[in-house]
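Asks: next comes the sequence, and after it the predicted model I'd like to discuss.
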Amino acid sequence: MEQDNILVMQQVDKTFDRVVALSNVNFELKHREILGLLGGNGAGKTTLMNILYGLYRADSGKIILEGKPITILSPKDALRQGIGMVHQHFLQINNYTVLENIILGSKVSRPFTNNYETEEKNIQQLCERFGLEIDLSARVETLPMGTRQKVEILKTLYRGVKILILDEPTTNLIPQEVDSLFETLKIMVREGLSIVFITHKLREVLSICDRITVLREGKNVISLTRKDASDEMLVRAMVGDKMDLEKSIMFTTRAETSAETARKETISLVGVNKINAQKIQELTDISFAIKSGEIFGVAGVAGNGQRELAEVVMGIQPVTSGKVIFEEKEITSLLTSERIAEGFVYIPEDRLADGFLNKTSVAHNLILGYHKLEPYSRKGIINWKNVNDRSRKMIAEYNIKTTGPEEIGGNLSGGNIQRVMIARAFSQPSRLMIAHNPTRGLDIPSMDFVYQKLLEHASTGATTLLLSEDLDELLLICDRIAVMYRGKVVGILPREKFEKYEIGRLMSGFDLASN
Amino acid sequence: MTQIKKIFPYLVSVLAAFVVVGLLLWVLKFNPLKAFETMLFTSFRTPNGFIQTLLKWIPLTLTALAFTVPLSSGKFNIGAEGQMLVGAIGAAAVGIIGKDLPLPVLLPLVILAGTLAGAFWGLISAWLLYQFNINEILSTVLLNFISFSLVDFVATGPWRDPAAGHPTTVPIGEGGFLPMLVKNPPLHSGIIIAVIVAVAIYYFTSKTTAGYELVVTGANPRASKVHGIDIKKMFLFSMVIGAACAGLAGAIEVSGVHHRLIEGLHSNFATLGLIIGLMSRGKNSAVPFVAFFISILEVGGSAMQRTVMVPVQIVLIAEALILIFILLSDIVKRRQK
């Protein structure tokens, strides 16, 4: 039978330190199917696949490929067995060409020369066979995300894989690129490959996968074919029984229209330009105004100036020209600490570099930026009893998994570090919240919790600037979305006009290219 | 239990260092047990041994703090030696110029002058860092060399003591002498100052908002900046405080021990201070205790040379080995995870 299993993983266990990542997980992949491996962050999807790809070793369990038990000790082993993986973060050398990136690390026919004609021909053939349109002589840093991902896929195809694992492949793609990726996947299956598609997005599995396996907290929940699956079933499987779906933001639809417009503007940027020390223009002529109670989203492919925008508003980086106005006062030259005193709150994108203190306690982390405020301190003396009491409350409310306020921050997992940042941000009454990818690394109930908090925060009349690479997130809770491309705001859409493909088009700069 | 777990690697490191040193002594045909006995117990056998230990403890604690306080904010002050010497120069200069002043006036002036002179020496590096982003490790080390020449200049200049066979100044006024706590063997009151400074620094870094800012800057300067802390100011501030500690150590040596500026009065205090700082892993609160342990070894080491004829350098080897083993225990701990 054609539909026999090509790969089976049985009773896989994996523990990190004391955290159980996988317990007794079974996994089956059939010939020529696209299997959706669904689950929230921390469900164990990526861990399971990293074991298959030889990046981790399972504590126990079996891997059976085409009926034969195999051991995989390294990615090299996995590739030899025909198993390839495309990670969320591409492993590419920016200033190499596509061709060079693909053949890097593989044997070439004429070593000691720069002559790769044979390889080029082979790769060209692969491109044609799988309908991938890629210029092999282009340097990868010049390519858009969607194409760079296809280079990664091509890399595995070139190494002759039969099984391809894609880890959250749609994360950095615009909707058009997602469609194109799905087309490629369909061709690959037709050409005889079997594909594992790791994701936390329901829509995607329902639109592309033949079968769906759901993991939650390191355990199997269900496995079923697409025609047996329903939205509700999968949601329940992903989030478990504990989450109250009625109250949820993610699984209920919000009103199509934006918040009332009679409110006054709280923060506005007027013609803001920013040129960095290397003379690179990072922000160009940015102007917008956000009203109180509004959630103003900023969409864009990562690295198009979102971070610079957030830091300019927060006063971490100076503007080169232009004005920032908050509640009718110009604050362009105000220090970050003064803005914090004005009620600014920032959840930075890069939590390890910009938001978290690995070497100090959880309590130190929870008061960072607010340490001069009561009840944390008075007249320059910190009241550690108050700090620890408040910390314990935050740990409970935000479900941070830690032994207590005194635990060293470095012991926390990524998701819990994110919870610390969220807890810190919402621990203070604020008038402007700047949140950059606030739900990154969180499981589904926690993501939903953050959305509830953001909406609650907006309902108090506070302003929110939400920068996110997750378009679904922005579509879900924003009143307006601005799209950034190469440091410019290329369009601002109100909620009534939200349309995925339109935003995708703006994100990829199509408008600018045609002008 | 956890406390024992925390101390365990240190105990093993000390033990391992002694085993290696023991082997070394054995190869050199000394009696290791007798040498160790002298090394560890001299401090507690006679009042003199104990007071010698305390006298070592004062400059060691202060120079170690000169290293660990800037380290709290993530900066490396390798210039405690120079800061101590310039502190000593400052103290001696005020003590000589104002030699007729009474004790209540002169003593505070001498101590203050030394502290400020040390702080000033650190401020040079700190300012270069603040203004031009010049690496503080380089500038503090290089300023050490200048301070050596500065001591020579002062000790052989107009204040030179012609009776001494070694570059030395004339004594400071008696009003600048630190009063003795114990007459015989002599223990001066500098120890009170050192204890106060150690406690104050502990209180500052763990209980005040400014100290909190210092610690978080050291933990992650970028995140601290993002959350509104002026990290450059923290770097400057911590370097100056650290240097002031070293300057104070110099002033106490002048005012309490030598009563004049002598070339070479810095001994190897700053080097040991660095080792103590590293053994304490930059924890200000651990410094006084580690410094006490090292003082015991230092005093025991010189006794060992006198009684068992073991060269005093063995002690430095032991201290270095302890540090190496402590650093190794970090790697072992990481591997276990």
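Replies: Great, that's in hand.

Asks: drop to CA atoms for contacts and neighbour counts, all remaining ones
Replies: OK.

Asks: any idea where the helices of the stretch 51-200 of chain B begin and end?
Replies: B:80-97, B:103-132, B:136-155, B:190-207 (DSSP state H, counting those that start in this stretch).

Asks: now for residue 183, how many residues are close by?
Replies: Reading this off chain A. Residue neighbour count, defined by other Cα atoms under 10 Å in any protein chain shown, stands at 15 for A:Glu183.

Asks: that was the other one, I meant chain B.
Replies: Quick note: B:Lys183 (other Cα under 10 Å) scores 9 neighbours.

Asks: for it, what are its contacts?
Replies: Counting by Cα atoms under 8 Å, 6 or more residues apart in numbering or on different chains, B:Lys183 makes contact with nothing.

Asks: how many residues are close by residue 27?
Replies: Picked chain A for this. So A:Phe27, with other Cα under 10 Å, has 16 neighbours.

Asks: I was thinking of chain B, sorry if that wasn't clear
Replies: 11.

Asks: also A:Leu465?
Replies: By the criterion of other Cα under 10 Å, A:Leu465 has 22 neighbours.

Asks: what residues does the stretch 251-400 of chain A put near chain B?
Replies: A:316, A:335-338, A:340, A:346, A:353-360, A:364, A:368-369, A:371-372, A:377, A:380-384 (Cα under 8 Å from any Cα of the partner chain).

Asks: please flag which of these sit within helices.
Replies: Of those, the ones assigned to helices by DSSP state H are A:336-338, A:340, A:364, A:384.

Asks: would CSV of these with distance to B:Val94, pLDDT and neighbour count be doable?
Replies: CSV is the format used below for these (distance: Cα to Cα, whole Å; pLDDT from 0 to 100; neighbours: other Cα atoms under 10 Å in any protein chain shown):
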residue, distance to B:Val94, pLDDT, neighbour count
A:Thr336, 44, 94, 24
A:Ser337, 42, 92, 21
A:Glu338, 43, 93, 15
A:Ile340, 46, 93, 20
A:His364, 43, 95, 26
A:Trp384, 42, 95, 18
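
Asks: please identify the deepest-packed of the helices of the stretch 51-200 of chain B.
Replies: helix B:80-97 (a mean of 30; mean count of other Cα atoms under 10 Å in any protein chain shown).

Asks: what angle do that helix and helix B:136-155 make?
Replies: Interaxial angle, helix B:80-97 versus helix B:136-155 (axes from the mean of the first three to the mean of the last three Cα atoms, to 10 degrees): 30 degrees.

Asks: check the offset of helix B:80-97 from the chain's centre.
Replies: 15 Å (Cα atoms, centre = their mean, to the nearest Å).

Asks: just the buried ones from the residues of the stretch 251-400 of chain A next to chain B, in PyMOL syntax?
Replies: Applying 16 or more other Cα atoms under 10 Å in any protein chain shown to these, the buried members can be selected in PyMOL as follows:
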select buried, chain A and resi 316+335+336+337+340+346+353+354+355+356+357+358+359+360+364+368+369+371+372+377+380+381+382+383+384
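
Asks: and of the helices of the stretch 51-200 of chain B, who's closest to A:Val239?
Replies: helix B:190-207 (41.6 Å; Cα to Cα).

Asks: which residues are in contact with whatever helix or strand comes next after that closest one?
Replies: The helix or strand immediately downstream of helix B:190-207 is helix B:209-219, counting by DSSP states H and E. Applying Cα under 8 Å, 6+ apart, the external contacts of helix B:209-219 come out as A:357-360, A:364, A:371-372, A:377, A:380-382, B:71-75, B:204-206, B:223-225, B:229, B:231, B:234, B:238.

Asks: what about the closest residue to A:Ile400 other than its chain neighbours, how many residues nearby?
Replies: Counting by Cα to Cα, 6 or more residues apart in numbering or on different chains, A:Ile400 lies nearest to A:Asn416, which is 5.4 Å off, once chain neighbours are set aside. A:Asn416 is flanked by 20 other residues according to other Cα under 10 Å.

Asks: name the element A:Asn416 belongs to?
Replies: Assigned by DSSP H and E, A:Asn416 falls in helix A:414-426.

Asks: average pLDDT across that helix?
Replies: The average pLDDT within helix A:414-426 is 91.

Asks: for it, name the packing helices and strands.
Replies: Contacts defined by 3 or more Cα pairs under 8 Å, 6 or more residues apart in numbering or on different chains; DSSP states H and E place helix A:414-426 against strand A:344-347, helix A:362-367, helix A:384-397.
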